[in-house]
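> Could you look at this predicted model? Sequence included:
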Amino acid sequence: MRLLNHQYRSEAELAAFCQAEGIADDAGLFIQVFCGNLEDGFIHDLNRLLRQRFPLAVILGTTTGGEIADGRLFEEGVIISFLECEHSRLSTVALPWDNPDSFALGRQLARRLARDGEPPALILAVATGLNTNGEDFVLGVSEVLPDVPLAGGLSGEYLRFTGTWIFDGDQVLTQGAIAVAFHSEHLQVQTLYSMDWMPLGRALTVNRARRNLLVELDGRPAIDTYRHYLSDEAAEHVPVLSVQFPLMVERGGMKLARGCTGVNPDGSMIFMGNFQPGDKVWFGIGDANALLDSSSELIERLRHQRFEAILCYTCVARKALMRKLISDEAEVFQQIAPTAGFFTYGEFFHANEGNLFFNYTLTLVALTEHPDQPARKQPLPLSLSTARITTETQAYAHLINRTARELETLLQQMHELARTDELTRLPNRRYLMEQIRSHVRLHDRDGSRLSLLLLDLDDFKQVNDRCGHQTGDEVLVDLARIIESVIRLSDIPGRWGGEEFLVICPNTDADGARDLAERLRSAVAGHPFARDLRLTVSIGCAEHHRGESMDALIGRADRELYAAKGEGKNRVRGCEARAG
């Protein structure tokens with residue numbers, strides 16, 4: 001296997017390069033084209049030229065947000081990378097696509113590759129960057145070929161968000177995907193990645209999302225949340241500015257960054273990966289120290305074996321924020337093996353648990369067809385450990401994150417106080433009202449059963465009058481613990497007010513509610529309270545009728561409670577027969 005790169009300027013220079021390096025047209029020749037020239041006419045002309053010159057070769061071309069070749073970074077260049085395979089058979093599929101279902105695109109592409117017989121050792125793919133949901137695409141490929149390593153990424157451009165292209169020598173696509181499969185028993189593939197972003201500030205909640213469309217974030221239209229935290233002016237420059245402030249979401253134990261590609265008139269935002277309602281997300285910030293540490297670790301892992309080629313697919317945002325370090329790391333990778341790659345709008349990556357979709361990440365695919373070759377023993381001439389990194393950004397992030405955590409803890413404590421009875425530590429009336437309202441809506445929607453128990457200590461005034469209010473408080477705390485010990489985990493107990501307590505019983509009909517009430521009544525009657533007081537409770541039960549208001553339900557339980565009081569106390573009233 002041999003990797004050679006050529007910076008394309010003219011057909012004559014390309015011909016001279018191929019002659020000088022002995023590059024011949026062959027079915028085992030894999031040509032990657034990383035095209036920073038975003039002119040439609042140029043791309044079509046280059047595509048035709050390559051197919052005319054290399055009719056047998058496999059071609060995989062993409063527009064980029066920057067090019068990587070021989071340890072150097074290029075801007076708006078055109079790099080033609082030749083990978084000569086000695087023991088690998090290549091097959092390719094190009095699939096134009098005219099609908100937004102990126103999962104189906106990935107699945108269909110993988111099905112066509114799977115027709116070739118044995119699963120490939122590696123798939124390299126590119127998909128159009130501004131109209132492909134990268135996460136769905138990867139999931140679609142993985143449904144068909146779950147154990148096959150997938151690498152590559154979404155075609156890029158220079159953060160203009162106007163259009164991207166991919167091509168294979170025969171077609172130029174503005175929507176779709178192209179994949180190349182490597183079939184070989186000799187090919188050894190090593191995949192590595194570096195995530196160089198850290199979460200900033202407090203966690204935000206995704207309220208509404210439809211796959212990669214983020215509709216509502218933290219109670220606001222998505223763009224308004226950007227506006228709230230980053231300023232009105234910053235929001236006007238989304239999606240370009242959002243490159244520096246991605247959203248990070250946890251997937252598979254990792255916090256992955258997700259970049260925005262567009263904003264809709266309703267304030268919803270289009271991202272390169274999916275969100276789900278209830279997800280916790282954070283604004284992200286580039287972490288230069290993490291880049292340094294991760295890159296150093298990758299280099300050490302790669303040095304244990306001799307590789308013949310390293311393909312780099314890395315996010316354009318890394319280049320925008322940490323260009324000097326990224327230039328240094330590319331130079332070091334070149335010392336390990338010849339390198340080629342491009343800056344993407346999202347990266348495909350294979351880990352032990354399967355294929356993933358990354359943003360804002362460096363992904364590497366190290367290849368060799370001769371895995372028994374010994375590793376280089378000499379030290380590398382360039383080390384990232386000497387890179388000079390300012391700690392200013394790190395300090396800002398630490399300050400913001402520490403403050404955010406302290407404020408979040410304080411808000412949680414305030415929220416807990418607002419919903420908890422100070423004496424008994426049970427939920428208070430406000431919280432109980434919220435829960436009753438929610439469960440009544442649920443019952444009306446799906447017909448699940450719902451019942452309430454309303455308890456009142458009999459003759460509690462006499463306890464306060466004879467024994468004092470401190471003893472009265474001890475009695476109420478004891479009663480709260482009795483209730484907690486008798487009810488089920490799904491039941492919701494709380495202090496309704498004074499010596500009254502309420503229990504919400506989800507998925508409970510009249511018979512179940514009355515049985516629970518009798519067990520509570522018996523437990524209280526048999527419990528020795530402070531100063532050996534023997535006390536009882538009266539309990540009113542009510543099962544919710546579909547369509548009945550929350551106030552009507554509570555009112556029925558309350559009337560049953562006072563009926564129990566009027567009949568002599570220490571008894572249960574209500575739910576004698578199942579409510580209709």
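Arrived safely. Numbering: from 1, shown residues only.

> what's the neighbour count on residue 286?
Residues contacting residue 286 under the criterion other C-beta atoms under 10 Å number 22. No exception for glycine: its C-beta is placed from N, CA and C like everyone else's.

> Which residue is the nearest non-sequential neighbour of residue 478?
Setting aside the residues directly before and after it, residue 478 is nearest to residue 529 in space (C-beta to C-beta, 6 or more residues apart in numbering), at 5.5 Å.

> If you average pLDDT per helix and strand, which one of the chain comes out bottom?
helix 392-419 (a mean of 65; mean pLDDT, DSSP states H and E).

> What is the subsequent helix or strand relative to it?
Later in the chain than helix 392-419, the nearest helix or strand by DSSP states H and E is helix 429-446.

> How about the contacts made by residue 153?
Counting by C-beta atoms under 8 Å, 6 or more residues apart in numbering, residue 153 touches 126, 134, 313, 342, 344-348, 363.

> What is the nearest of those residues to residue 140?
Nearest to residue 140 among the contacts of residue 153 is residue 134, at 10.7 Å by C-beta to C-beta.

> For residue 251, see how far away that closest one is.
From residue 134 over to residue 251 the distance is 13 Å, taken as C-beta to C-beta, to the nearest Å.

> More neighbours: those two, which one.
Legend: neighbour count by other C-beta under 10 Å for residue 134 and residue 251, higher for residue 134 (29 against 16).

> which of the residues in the longest strand belonging to the chain are buried?
Longest strand of the chain, by residue count under DSSP state E: strand 197-210. For strand 197-210, burial by neighbour count (16 or more other C-beta atoms under 10 Å) applies to 197-202, 204, 206-207, 209.

> Kindly report the same for stretch 412-419.
Residues of stretch 412-419 classed as buried: residue 419 (neighbour count, 16+ other C-beta under 10 Å).

> Return that stretch as PDB; C-alpha atoms alone will do.
Output in PDB follows, covering the C-alpha atoms of stretch 412-419 (Å, rounded to 0.1, in the frame of the first residue of the first chain):
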ATOM      1  CA  GLN A 412     -32.200  22.800  43.200                       C
ATOM      2  CA  GLN A 413     -32.200  23.600  46.900                       C
ATOM      3  CA  MET A 414     -34.700  26.400  46.400                       C
ATOM      4  CA  HIS A 415     -36.900  24.200  44.200                       C
ATOM      5  CA  GLU A 416     -36.800  21.500  46.800                       C
ATOM      6  CA  LEU A 417     -37.800  23.900  49.500                       C
ATOM      7  CA  ALA A 418     -40.700  25.200  47.400                       C
ATOM      8  CA  ARG A 419     -42.200  21.800  47.000                       C
END
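
> Quick one, grab the pLDDT at the residue nearest to residue 478.
pLDDT, residue 529: 90.

> Please apply the same query to the one 5 residues further on.
Model confidence at residue 534, expressed as pLDDT, equals 90.

> Next up, the contacts around it.
Counting by C-beta under 8 Å, 6+ apart, residue 534 touches 525, 528.

> Give the residue spans of the stretch 251-400 of the chain that score low on pLDDT.
287-296, 320-324, 375-400 (pLDDT under 70).

> hey, where'd the strands end up in it?
With strands called from DSSP state E, counting those that start in this stretch, the stretch 251-400 of the chain shows them at 254-258, 260-263, 269-271, 280-286, 309-315, 339-344, 347-351, 354-358, 361-368.

> Just say which of the ones you listed is most tucked in.
Highest mean neighbour count of the strands of the stretch 251-400 of the chain: strand 339-344, a mean of 28 (counted as mean count of other C-beta atoms under 10 Å).

> Partner strands of that one and their direction?
Next to strand 339-344 in the sheet, as set by DSSP bridges, lie strand 67-69 (antiparallel), strand 309-315 (parallel).

> element containing the residue nearest to the spatial centre of the chain?
Against the mean C-alpha coordinate of the chain, by C-alpha atoms, centre = their mean, the closest residue is residue 249 at 3.6 Å. Assigning secondary structure by DSSP H and E places residue 249 in strand 247-251.

> which residues sit against that strand?
Applying C-beta under 8 Å, 6+ apart, the contact partners of strand 247-251 are 197, 199, 214, 255-258, 260, 271, 273, 275, 279-284, 356.

> ok, now with 6 Å
If you take C-beta atoms under 6 Å, 6 or more residues apart in numbering as the criterion, strand 247-251 is touched by 199, 255, 257-258, 279, 281-282, 284.

> mind checking how far the residue nearest to the centre of the chain is from residue 184?
Using C-beta to C-beta, residue 249 is found at 36 Å from residue 184.

> And the helix or strand following the longest strand of the chain, what does it pack against?
Beyond strand 197-210 on the C-terminal side, the first helix or strand identified by DSSP H and E is strand 213-217. The contact analysis (3 or more C-beta pairs under 6 Å, 6 or more residues apart in numbering; DSSP states H and E) places strand 213-217 against strand 197-210, strand 269-271.

> and strand 213-217, what's its mean pLDDT?
Looking at strand 213-217 alone, the average pLDDT works out to 94.

> Also stretch 123-140?
94.

> That stretch spans what distance, first to last residue?
One end of stretch 123-140 sits 14 Å from the other (C-alpha to C-alpha, to the nearest Å).

> before we move on, the earlier item: could you tell me which strands sit next to the strand holding residue 249 in the sheet, and their orientation?
Sheet pairing for strand 247-251, using DSSP bridges, gives strand 254-258 (antiparallel), strand 280-286 (antiparallel).

> Sketch out the low-pLDDT regions of the stretch 401-550 of the chain for me.
For the stretch 401-550 of the chain, the stretches flagged by pLDDT under 70 are 401-408, 411.

> before we move on, the earlier item: out of the buried residues of strand 197-210, which comes closest to residue 491?
residue 207 (28.3 Å).

> Centre of the chain to stretch 240-247, how far?
16 Å (C-alpha atoms, centre = their mean, to the nearest Å).

> Pull out the buried positions in it.
Buried residues in stretch 240-247, defined by neighbour count with 16+ other C-beta under 10 Å: 241-247.

> One more: stretch 122-138?
Quick answer for stretch 122-138 (16+ other C-beta under 10 Å): 122-138.

> In strands, which of the residues you listed appear?
122-127.
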